[in-house]
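>>> structure for this input, please:
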Amino acid sequence: MGLDITAYARIKPHRDYVDGEDLPSYLEHFRVNDEWNRAPEIDGSKVYLFDVQMGFSAGSYGGYNDWRDALARLAGYPPVDDPDTARRYAPGAWQAPEGPFWELINFTDCDGTIGAAVAAKLAKDFAEFDDRAKAAVTPCNWFYEVYQDFRAAFEMAARNGAVVFH
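Purely as a prediction, here's the structure:
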């Protein structure tokens, strides 16, 4: 199992969602995770139409967390020096409360939605750090490939869309 990402552009509410229904391919129901709410503009009780979508695999859950750790280091977040923390760069384990990529680094690694406003901020972060990411030496030899995928997803979702983690 792994983490899959789907980005959507130009979404608009279509009708109410009926729990458990099978949706045709031109409709999407966006689950908004209350604990990690990065999509306040999306109504979780609605089904949405969308113009375009794209998807990619962010790797296994462990691989994605390694990638996210590398992203946190790239952004300059200092690790927590805590022997009880299994991962030095675990979600919520960074000493800085906000900064570049914060909304992604401190987000669920399995199920949630990022809306257009947060996607626009993240797209800007990805654009600003692109040269550093391209040159980064990380334990993830696929770091920049996934970086580019996320950048494209957030740029798409910034156009009144969403990015879904599933």
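
>>> buried residues in the least confident helix or strand in the chain by mean pLDDT?
Ranked by mean pLDDT, DSSP states H and E, the weakest helix or strand in the chain is helix 61-75, scoring a mean of 89. Within helix 61-75, the residues scored as buried using 16 or more other CB atoms under 10 Å are 63-75. C-beta coordinates here come from the backbone N, C-alpha and C atoms, glycine included.

>>> residues in contact with the spatially most central residue of the chain?
The chain has residue 104 as the residue nearest its centroid, 5.2 Å off, counting by CA atoms, centre = their mean. Listed by CB atoms under 8 Å, 6 or more residues apart in numbering, the contact set of residue 104 reads 68, 71, 114, 122, 150.

>>> residue ranges in the protein under the pLDDT threshold?
79-97 (pLDDT under 70).

>>> can you tell me how far residue 2 is from residue 61?
6 Å (CB to CB, to the nearest Å).

>>> phi and psi next, for residue 47.
Residue 47 has phi and psi values of phi -110, psi 140 when expressed as degrees, to the nearest 10.

>>> what lies in contact with stretch 57-64?
Outside stretch 57-64, the residues touching it (CB under 8 Å, 6+ apart) are 1-5, 66-67, 109-110, 140, 142, 146, 149-150.

>>> quick one, helices of the protein?
Assigned by DSSP state H, the helices in the chain fall at 61-75, 102-105, 116-128, 130-135, 143-157.

>>> just the buried residues out of the contacts of stretch 57-64, in ChimeraX syntax.
Per 16+ other CB under 10 Å, the buried members of these correspond to this ChimeraX selection:
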select :3,5,66,67,109,140,146,149,150
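
>>> re earlier: need the helices of the chain in CSV (columns: distance to residue 33).
Shown next, in CSV, are the helices of the chain (distance: least, CB to CB, whole Å):
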stretch, distance to residue 33
helix 61-75, 16
helix 102-105, 13
helix 116-128, 13
helix 130-135, 26
helix 143-157, 16
